[in-house]
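Participant: Here is a sequence with its predicted model. Questions after.
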Amino acid sequence: MGGIIIPGTTIHGGIANPGIPFSDSPSGGFYELANGGLGVSISGLQCLTINANSLTLGRKLGYTYSLSTVGNYGATAGGDGLAMSPNGLLLAVANNTNGVSLYSVNPYSGAVSHLADYTIASDGPYDLAFSPDGAFLLLSNSNNSLLIIYSVNATTGVLTQVNTTAISFNNRLMRVSPDGAFVYWTQNGGTVSVMPRNTTTGAVGAEIQNIAAGAANNYGTLAVTNNGVFVGGGASDVKSFVRNPVTGLLTLASNNFVLTGTPTGVIASVDGSHLYVANSAGKIDCLNIASNQTLSTMIGSPLALASAAAMAVSSDGQYLYVTGNATLEAYTLDATTGLPSSFQSTVITAGTMKGAFVSLDGTHIFNLNVTSNVITVCRTTSTPSIPLLQAYYDQTGGANGVLLVNGQAVLNKVQIGASYAALNGAIAQPFNAKSLTLDHAAGGLIGTPAADNAIAGAVGEYIQDVVPTPGVALATGVVSNVGSIALTPGDWDVDGTVDFLPAATTSLTELIFGLSTATGALGGQDTFGQLSSAAEVPGANLIVQRTPTVRISIAANTTVYLVAEGVFTVSTLNAFGTIRARRVR
């Protein structure tokens, strides 16, 4: 091998550049996962990963990633800010002349459609943000220092103004904390304001802190994580604050980090351990965030690019997108170091970009172009890496686990797509509360709890035919059909009852009663019963006889007959009764 494992030492690297490579295959070897797990690659392909609660064997290769422009969609003139709802179905644009423009997003095509405009009394909207639960939209109005709060209809997306809060400062950028309990603002003059927020009503309370961020600057970038707040502005630096998740209050971290240019955009990684700052010098400063929120430069930073404005990180934490004057750049983020690697770019409409958001599934990127007043939508095309065999387990043993084959949970070669699923070849009837209820305490199954019948084709299906008196007039010595039922393919238990009614003077010597799949004929052995005796006149008294229970297994639709025969003289003999069947399987 090309190295040794030292206890307590991190094994750096990744899939194609393992920290401990094989001597005869440098692109294969061992590397450590972000959560402390172990990865093994062979010839640069992921072969095995072991995490805290999962084991993955092999991965399918994805297709080449590509980036392209879907289209440009008209936004109301004067756009000055962009926000996307947490479910990815709404886009809101802050218009510095009249209010908010609301757009719907097609989650499949990425197409944007105008829904409505919401005007306010005076101009000056500058920034806006959805609450983490998507129930409210917050709009800052910098000209008259107002915060306007709208409720969001969960079904239609329609906005309704529910609150207006006066703010005693000239606000700029605004962000809601990940838990929704606090709002953070940058102000002209180089300070950051903190205000509490009611997560139920959406109302924002009075300012609880106004903290200096260093030299007076109009801070144009702001990022908020669970434990930190980061602002950057005209002084070519970024200020780092420790955020108390309980009180919301900020404490200036020990360093004010100097950048390679004036910040134009700032965003944190999904896990809050890395910070990316785009600047006017055409670079991206890539920073590490320590547990005390202090910053340090990544090895390999800064990265050069033509220009940078808005940035977005995909929800899976794998990609960073940076919009410039006329391009959208895509970067992969190293799972261990967090360093971006540029790998794709696409030309977009030239102009100044404000705001960038990625769809939940990572397939579309949305930007607001405030020069041409359009929302530019770009699409990513790739096939993600899919585990060939992946097992998850519960460390407590209480929840069991799940096994994935080629990315899908599979039973009897059939994908299990939901809790209630039709498993072709295993169970043909979809599960529901009526057809199948698991009784775990008793260790078995219970039937329907209602006063109804099993549906056609299900186990327990019941069919019967009742023939009332007087029924069928029998001819002596002739087998006759009394009644019949039609059965569909399956396995059935069938039985019946024949009621013989002689006239007052009829003399009987034999009665036969049974089941048959042939019309007007007796069935085979054990399908009928027989009574024989010397001539007897029972009078006009009913004689009731039950047939044997017959197992009938059929592959095609079949009629089963209730048949009867009597041998008699002098007068008449009638037969009526019931034939019934229960599906066994």
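Facilitator: Arrived safely, thanks for sending.

Participant: got any ranges where the stretch 51-200 of the chain has weak pLDDT?
Facilitator: The model of the stretch 51-200 of the chain has pLDDT under 70 over residues 51-54, 58-65, 75-79, 97, 121-125, 142-145, 166-171, 189.

Participant: For the residue nearest to N72 when sequence neighbours are not counted, give the beta-bridge partners.
Facilitator: Spatial nearest neighbour of N72, chain neighbours left out: V374 (4.1 Å); criterion: CB to CB, 6 or more residues apart in numbering. Just so you know, the C-beta spots here come from the backbone N, C-alpha and C atoms, and that holds for glycine as well. Counting by DSSP bridges, V374 is bridged to G74, N369.

Participant: Can you name the element that comes right after the helix or strand hosting I552?
Facilitator: Using DSSP states H and E, the element containing I552 is strand 550-554. The first helix or strand that comes after strand 550-554 along the chain, using DSSP H and E, is strand 558-569.

Participant: and the helix or strand following that following strand, average pLDDT?
Facilitator: Proceeding N to C from strand 558-569, the next assigned helix or strand is strand 573-583, under DSSP H and E. The average pLDDT within strand 573-583 is 95.

Participant: Just checking: what are the partner strands of strand 573-583?
Facilitator: strand 462-473 (antiparallel), strand 490-502 (antiparallel).

Participant: hmm, back to that, contact partners of the strand holding I552?
Facilitator: If you take CB atoms under 8 Å, 6 or more residues apart in numbering as the criterion, strand 550-554 is touched by 487, 489-495, 515, 517, 523, 526-527, 558, 560, 581, 584.

Participant: Filter the residues you listed down to just the buried residues.
Facilitator: Applying 16 or more other CB atoms under 10 Å to these, the neighbour count classes 487, 490, 492, 494-495, 515, 517, 523, 527, 560, 581 as buried.

Participant: For the closest residue in space to G460 that isn't next to it in sequence, grab the count of nearby residues.
Facilitator: Residue nearest to G460 in three dimensions, not counting chain neighbours: A454, with 3.7 Å by CB to CB, 6+ apart. A454 has 17 neighbours, counted by other CB atoms under 10 Å.

Participant: What is the burial count for S66?
Facilitator: By other CB under 10 Å, 12 other residues sit near S66.

Participant: Who does it form a beta bridge with?
Facilitator: Here S66 shows beta-bridge partners T381, assigned using DSSP bridges.

Participant: so which of the strands paired with strand 573-583 gets nearest G71?
Facilitator: Nearest to G71 among the strands paired with strand 573-583 is strand 490-502 (55.7 Å), distances taken as CB to CB.

Participant: What's the mean pLDDT across that closest one?
Facilitator: Mean pLDDT, strand 490-502: 96.

Participant: what inclination does it have with respect to strand 558-569?
Facilitator: Interaxial angle of strand 490-502 relative to strand 558-569 (axes from the mean of the first three to the mean of the last three CA atoms, to 10 degrees): 20 degrees.

Participant: how much space is there between the residue nearest to N72 and S101?
Facilitator: Distance, V374 to S101, by CB to CB, to the nearest Å: 12 Å.

Participant: Repeat that for N279.
Facilitator: 29 Å.

Participant: for stretch 165-179, how far is the first residue from the last?
Facilitator: In stretch 165-179, first residue to last residue: 21 Å (CA to CA, to the nearest Å).

Participant: ignore the last one, stretch 285-300
Facilitator: Stretch 285-300 has an end-to-end distance of 10 Å (CA to CA).

Participant: Could you do stretch 149-156 as well?
Facilitator: Start-to-end span of stretch 149-156 (CA to CA) is 17 Å.

Participant: And this protein, split by domain according to the record?
Facilitator: Per the record, the chain has its domains at 1-52, 66-381, 462-583, by automatic domain parsing.

Participant: Mind checking the strands paired with strand 573-583 for the one nearest to G190?
Facilitator: Of all those, strand 490-502 sits nearest to G190, with 80.5 Å by CB to CB.

Participant: With only the CA atoms kept, save the closest one in PDB.
Facilitator: Taking Å, rounded to 0.1, in the frame of the first residue of the first chain, the C-alpha atoms of strand 490-502 are listed here in PDB:
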ATOM      1  CA  GLY A 490     -59.300 -19.300  -8.000                       C
ATOM      2  CA  ASP A 491     -59.700 -21.800  -5.200                       C
ATOM      3  CA  TRP A 492     -63.200 -22.200  -3.800                       C
ATOM      4  CA  ASP A 493     -65.100 -24.100  -1.100                       C
ATOM      5  CA  VAL A 494     -68.700 -24.800  -2.300                       C
ATOM      6  CA  ASP A 495     -71.700 -26.400  -0.500                       C
ATOM      7  CA  GLY A 496     -75.500 -26.300  -0.700                       C
ATOM      8  CA  THR A 497     -78.800 -27.300   0.700                       C
ATOM      9  CA  VAL A 498     -81.600 -29.000  -1.200                       C
ATOM     10  CA  ASP A 499     -85.200 -28.900   0.100                       C
ATOM     11  CA  PHE A 500     -87.400 -31.700  -1.300                       C
ATOM     12  CA  LEU A 501     -91.200 -31.100  -1.100                       C
ATOM     13  CA  PRO A 502     -93.400 -34.100  -2.100                       C
END
